[in-house]
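Colleague: Show me how the following folds:
(one chain, ligands or ions: 1)
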Amino acid sequence: MFVKVCGLRTEPDVDTAVEAGADAIGFVFAESPRRIDADTARRLAARVPDGILTVGVFRDQPLDDVRDLVEATGVRAVQLHGHEDLGYFDAVRAFLPTGRTLIRAASVRDEAPPHGERGEDVLLLDAPVPGAGETWDLTGKRLPGPDVRWLLAGGLTPANVGAAIRAARPWGVDVSSGIEASRGVKDPALIRAFLAAARAEA
Ligand SMILES: O=C(O)c1ccccc1N[C@@H]1O[C@H](COP(=O)(O)O)[C@@H](O)[C@H]1O
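Modeller: Numbering: from 1, shown residues only. A predicted model of the protein is given here:
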């Protein structure tokens, strides 16, 4: 079970996530109470060991901003969380250094979009409003199979992630609000509890 923790803004929170065994750590560059600037992201990303993915989260932002932030911070993955079309994905792929990861976030009405439709390496299925801590109903949804690299997100918490994994059988999970004491402020105990709960299902 691949576990991404997102919206980290401080060195202690990054260290907690690394020590708790996160596979990926997300830094939000989109409009959000969790947004951080390039200098902060570069400083935080430098603390993350090589085997853990650092992810820059963007939403409908100018391509030049994405390229500049990737270059300035060295994040190893880009997560596009808005209405970016195929041309936009192609442009990001063109400037992303080889070996870096492209994540496409989408919400699900009845059926998940096909994996790889926009050239993404990982598909992320989320609630309609990203980062709001809202769950979405998995009932009756046609979700990707076990051979597909896809992340489940949207209102996950230490208390509900186990049931969500059993219901959806994702390749991985992604969390932000559910590990916070208040909006934008992570709680180290919740970070550890989330990792433990997700790992217990692996
Ligand atoms: O976290 C944000 O503020 C955010 C802003 C813009 C785009 C994406 C954002 N976060 C992503 O939202 C999901 C789930 O968040 P939550 O657990 O429901 O709060 C996750 O993929 C974050 O990367």
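
Colleague: my guess is residue 26 meets residue 6, correct?
Modeller: Yes: Residue 26 is within contact range of residue 6, at 3.3 Å (criterion: Cβ atoms under 8 Å). All C-beta atoms are positioned from the backbone trio N, CA, C, and that covers glycine.

Colleague: Overlap in contacts, these two.
Modeller: Shared contacts of residue 26 and residue 6 (Cβ atoms under 8 Å, 6 or more residues apart in numbering): 55, 57, 174, 176.

Colleague: contacting residues for the residue of the chain found nearest the ligand?
Modeller: Per Cβ to the nearest ligand atom, residue 131 is where the chain lies closest to the ligand, at 2.4 Å. Counting by Cβ under 8 Å, 6+ apart, residue 131 touches 6, 7, 28, 32, 34, 176, 177.

Colleague: one more time with 7 Å, if that's ok
Modeller: Neighbour list for residue 131: 7, 32, 34, 176, 177 [criterion: Cβ atoms under 7 Å, 6 or more residues apart in numbering].

Colleague: and the ligand, which of those residues reach it?
Modeller: Subset of the contacts of residue 131 in contact with the ligand: 7, 32, 34, 176, 177, counting by Cβ under 6 Å from any ligand atom.

Colleague: So which residues on the chain come close to the ligand?
Modeller: 6-7, 26, 28, 30, 32, 34, 57, 59, 81, 124, 126-127, 130-133, 153-156, 174-178.

Colleague: does the residue of the chain closest to the ligand count as helix, strand or coil?
Modeller: Three-state call for residue 131 (DSSP: H, G, I helix; E, B strand; the rest coil): coil.
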